[in-house]
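S.K.: Below are the sequence and a predicted model; questions follow.
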Amino acid sequence: MPAGEYDVVVLGGGMGGYVAAIRASQLGLKTAVVEAAKLGGTCLHVGCIPTKALLESSGLFHKAGREEFGLTADKLGFDFGRIASRRDKVVDQLWRGVPGLMRKNRIDVVEGRGSLADARTVQVDGRQLKARRGLIVATGSRPRPLPGLDFDGERIINSDHATLAKALPKSVVIVGAGAIGVEFATLYRQLGVPVQLVEALDRLVPLEDPDVSGEVAKQFKAAGIQFRTSARVKAVEETKDGVHVAFEEGEPLEAEKLLVAIGREPLSKDAGLEAAGVNVGKGGFVGVDEWMRTSAQGVWAPTPRPTRASWPPRTSPVSARPRWSRTWSRARPTRSPRSPPWASRSPRPASRDARSRWASSPSWPTVAP
Ligand SMILES: Cc1cc2nc3c(=O)[nH]c(=O)nc-3n(C[C@H](O)[C@H](O)[C@H](O)COP(=O)(O)OP(=O)(O)OC[C@H]3O[C@@H](n4cnc5c(N)ncnc54)[C@H](O)[C@@H]3O)c2cc1C
């Protein structure tokens, strides 16, 4: 095959992309993967792996202090700097293994930001990669901000900031009690940080079954994690020492930092999807069928497909018209995305399968009292 020509080209080298590339190659297809940042994507660098490394440390510290295990120490403590170094080491070690995986599977890695010129062509820094058999768009997502309230990385933070932090916050309000919010509530509480978790809907982990929410609430109560459900954020203001978060009803909360964990938004905007004839929904979600085929023939996208039941995301903690303090942002609030075109015909709850896998993985955090 001439240089620059492949059977399959994968745009995005995260878990969705590079694993798809390996499978394509195992099936005998000449494959390239295009990555703008680091192979491994969110999961390896700011998601599953570093958070589980942190939770491993916090869990050990928490357990060691529990009488039932019979351990004694004059003074049990921790050094967060070393916890963070271990986190970085774990990620680095795994990341260094990925190029080897690519070589072993004879996958070409093309560094750079790519975009689709058409349903058979990816452009990367002036180069053209031709995909004879198929093109896979796996460009992933990034943390979603509260409308009109940008992340500053200092007081208003997202999961990337929290995951990569070199120090613990003195106290934190976490908005959004989905998987990510609950994980950070666990981590912080186990390390002694005062946590206040708020959720707009009427239960914690609202995308899970109600009995799971009940169990998490029970465990959190016993562990001393303060949480509030049916709490919609109305305004956020900067104070001398941190943030002041007001709600539509009930008392405001204050903390050093506000961690916004209300979900993620797709990184599909500049990938040239429309040029290739891919149907992109309002919020940037790529419409796929149960085989992850997009509306453009030969273009696939590994994306958890929102079902009617889970769309719009039910963890959204904001009211329809939030009022943010001008201190934080002058941008006008945006509307919630409307149902994407495929939401009305979802034969199989693909996103639910994905969620169940995550929830049932051994790394799902638990906080024992
Ligand atoms: C805090 C946190 C904890 C999590 N914990 C878990 C867990 O325990 N278990 C679990 O199953 N999941 C977990 N997840 C979810 C998991 O990280 C994601 O499901 C997974 O990363 C999605 O993979 P992806 O390949 O679709 O996207 P990503 O991992 O986001 O990868 C997309 C890649 O595409 C690249 N890219 C984007 N645009 C372009 C372009 N134009 N050209 C070239 N490259 C591009 C990006 O640089 C990125 O590397 C967690 C997520 C977070 C945020």
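M.R.: Structure's in. What do you need? Residues are numbered from 1 along each chain as shown.

S.K.: And for this structure, the residue most distant from the center?
M.R.: For the chain, the C-alpha farthest from the mean C-alpha position belongs to residue 74; by CA atoms, centre = their mean, that distance is 39.1 Å.

S.K.: Which helix or which strand is home to that residue?
M.R.: Of the helices and strands defined by DSSP states H and E, none includes residue 74.

S.K.: okay, it: pLDDT?
M.R.: Looking at residue 74, its pLDDT is 89.

S.K.: do the same with residue 312
M.R.: 34.

S.K.: and what of residue 331?
M.R.: Taking residue 331 on its own, its pLDDT is 33.

S.K.: Could you do residue 362 as well?
M.R.: Reported pLDDT for residue 362: 31.

S.K.: And for residue 340?
M.R.: On the pLDDT scale, residue 340 gets 32.

S.K.: what do you get for residue 369?
M.R.: For residue 369, pLDDT reads 35.

S.K.: measure the closest residue to residue 110 other than its chain neighbours to residue 21 for me?
M.R.: In space, and not counting its chain neighbours, residue 110 is closest to residue 34: 4.7 Å by CB to CB, 6 or more residues apart in numbering. The C-beta positions use only the backbone N, C-alpha and C, and glycine is treated the same way. Counting by CB to CB, to the nearest Å, the gap from residue 34 to residue 21 is 10 Å.

S.K.: which residues does the closest residue to the ligand within the stretch 51-200 of the chain contact?
M.R.: When scored by CB to the nearest ligand atom, the stretch 51-200 of the chain has residue 140 as its residue closest to the ligand, at 2.2 Å. Residue 140 sits next to 12, 14, 16-17, 41-42, 266-267 when contact means CB atoms under 8 Å, 6 or more residues apart in numbering.

S.K.: swap in residue 6?
M.R.: If you count contacts by CB under 8 Å, 6+ apart, then residue 6 has 29-32, 108, 129-132 around it.

S.K.: Spell out, range by range, the helices that occur in this structure.
M.R.: 15-26, 41-46, 48-64, 80-104, 159-164, 179-190, 210-223, 350-360 (DSSP state H).

S.K.: Other residues contacting the longest one?
M.R.: Contacts to helix 80-104, defined as CB under 8 Å, 6+ apart, come from residues 18, 21-22, 33, 38-40, 44-45, 49-50, 53-54, 57-58, 108-109, 165-168, 191.

S.K.: near the ligand, anything from it?
M.R.: No: using CB under 6 Å from any ligand atom, helix 80-104 stays clear of the ligand, with a minimum separation of 10.8 Å.

S.K.: That helix: how far from the chain's middle?
M.R.: Put simply, helix 80-104 sits 19 Å off its chain's centre (CA atoms, centre = their mean, to the nearest Å).

S.K.: Among the contacts of helix 80-104, name the buried ones.
M.R.: 18, 21-22, 33, 39-40, 44-45, 49-50, 53-54, 57-58, 108-109, 165, 168, 191 (16 or more other CB atoms under 10 Å).

S.K.: So what's the residue count around residue 182?
M.R.: 26 (other CB atoms under 10 Å).

S.K.: and it, what is it in contact with?
M.R.: 197, 204-205, 216, 365.

S.K.: now swap in residue 225 and tell me
M.R.: 185-186, 189, 195, 197, 367.

S.K.: Using TSV, lay out these together with distance to residue 174 and neighbour count.
M.R.: Shown next, in TSV, are the contacts of residue 225 (distance: CB to CB, whole Å; neighbours: other CB atoms under 10 Å):
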residue	distance to residue 174	neighbour count
185	6	28
186	10	27
189	10	21
195	6	27
197	5	27
367	14	20
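
S.K.: which of those are close to the ligand?
M.R.: Answer for the contacts of residue 225 near the ligand: none qualify (CB under 6 Å from any ligand atom).

S.K.: Point to the residue nearest the middle of the chain.
M.R.: residue 264 (5.7 Å).

S.K.: so what's that one closest to, chain neighbours aside?
M.R.: Closest residue in space to residue 264, ignoring its immediate chain neighbours: residue 141 at 3.9 Å, by CB to CB, 6+ apart.

S.K.: how close does the one you found sit to residue 22?
M.R.: From residue 141 over to residue 22 (counting by CB to CB), the distance is 21 Å.

S.K.: Now do the spatially closest residue to residue 231 that is not a sequence neighbour: how many residues are near it, please.
M.R.: Excluding its sequence neighbours, the residue lying closest to residue 231 (CB to CB, 6+ apart) is residue 198, at 4.4 Å. Residue 198 has 24 neighbours, counted by other CB under 10 Å.

S.K.: ok, residue 198 - contacts?
M.R.: So residue 198 contacts 173-177, 227-229, 231, 233, 245, 247, 253, 317 (CB under 8 Å, 6+ apart).

S.K.: Mind pulling up the pLDDT for it?
M.R.: Residue 198 is assigned 98 on the pLDDT scale.

S.K.: Can you dump the C-alpha atoms of stretch 46-56 in CSV for me?
M.R.: C-alpha atoms of stretch 46-56 as CSV (Å, rounded to 0.1, in the frame of the first residue of the first chain):
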residue,chain,number,x,y,z
VAL,A,46,-6.5,12.4,33.8
GLY,A,47,-9.2,9.7,34.4
CYS,A,48,-9.3,6.1,35.4
ILE,A,49,-5.7,5.5,36.1
PRO,A,50,-4.5,8.5,38.1
THR,A,51,-7.8,8.7,40.1
LYS,A,52,-7.5,5.0,41.0
ALA,A,53,-3.8,5.5,42.0
LEU,A,54,-4.9,8.3,44.4
LEU,A,55,-7.8,6.3,45.7
GLU,A,56,-5.5,3.4,46.4
